[in-house]
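[1] let's see this in three dimensions:
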Amino acid sequence: MRDRYWFWLGARLLAGVALIGWALSYLGTGSGEKEFQKTLEAMKQVHTFRVASTTNQVGVQHNEMLWEVDCPRDIVHHQMHMVMVSSTNSGEMKQDQMMVGNRTYERGSDGSWVPSRSGYQGASAKWYCRNLAEGTDSNLMPQIATMIKRGILQKGDKKTVNGVRCREWLVTMKGGFSGLEHDTVCLGLDDHLPYEMTVDWAQSRTSFSDYNVPIQFDAPEAILQPASTSTGVN
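    Residues are numbered from 1 along each chain as shown. Have a look, this model is predicted:
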């Protein structure tokens, strides 16, 4: 009788250890780290992409932004629409800029593109793509390398984003604004590339699309040719 007791106790302990190990592989860094490493490698092959982002700080401001990046032609197109809604500061601001090589343009009120007076505040296409090729985080694509290092990665459900099937991962970033920052990132089932990211701070949602697809820019071909093959890093 006593032998049977110890047999069942040992079996339960083994089952418990197996269950904990399985859970840690998904809730910890095991399975998640492997998947995110695949994403980091897949992103090294990206040469063109679009990023659309919205943030909504309730009672403060609402932002909508779009980036179109073409590495072979060294072009970045950036649009921004910001609406201030606070009780002390209201109004809106729109900006439409394009950086081609080392030249910067902005869209005028008549729809034409003219040399920018204020300059482009972001980085060049070559800078973004160099970071992607090196597996280095930038402020435009999801910070996959950082998530691997200090994120608690939890496997979520499959979903469809802009027609692409992806799996959502819940990411708890240690060292966020309030100690822990809760994000989600949806990784393509076939290509492992990121297609959506949300951040609980400012209710931010960003979608990623058109990987390695030729981008048609709404600008005259004359300004879409870099003036120089050497482009400074911004």
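[2] Ile148 against Thr39, yeah?
    No: under the criterion of Cβ atoms under 8 Å, Ile148 makes no contact with Thr39, lying 9.1 Å away. For the C-beta atoms, the positions are set from N, CA and C on the backbone; glycine is no exception.
[3] higher neighbour count, those two?
    The residue with the greater number of neighbours, taking Ile148 and Thr39 and applying other Cβ atoms under 10 Å, is Thr39; the counts read 22 against 19.
[4] partner strands of the helix or strand harbouring Phe49, with direction?
    Taking DSSP states H and E as the criterion, Phe49 maps to strand 48-57. Paired strands of strand 48-57, with direction, are strand 61-70 (antiparallel), strand 204-209 (antiparallel) (DSSP bridges).
[5] C-alpha coordinates for the first one, CSV please?
    Backbone C-alpha positions of strand 61-70 (Å, rounded to 0.1, in the frame of the first residue of the first chain) are rendered in CSV as follows:
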residue,chain,number,x,y,z
GLN,A,61,-3.6,64.6,-28.3
HIS,A,62,-4.2,62.1,-31.1
ASN,A,63,-1.5,61.3,-33.6
GLU,A,64,-1.5,59.6,-37.0
MET,A,65,1.7,58.9,-38.8
LEU,A,66,2.9,57.1,-41.9
TRP,A,67,6.4,56.1,-43.0
GLU,A,68,7.3,54.6,-46.4
VAL,A,69,10.9,53.4,-46.7
ASP,A,70,12.7,52.4,-49.9
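[6] name the surrounding residues that touch it.
    47-56, 75-86, 122, 125, 128-129, 140, 215, 217 (Cβ atoms under 8 Å, 6 or more residues apart in numbering).
[7] and the buried ones among those residues, selectable in PyMOL?
    Command for PyMOL that selects the buried part of these, burial taken from 16 or more other Cβ atoms under 10 Å:
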select buried, resi 47+48+49+50+51+52+53+55+56+75+76+77+78+79+80+122+125+128+129+140+217
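[8] now the helices for this structure?
    Assigned by DSSP state H, the helices in the chain fall at 2-27, 30-43, 125-134, 144-150.
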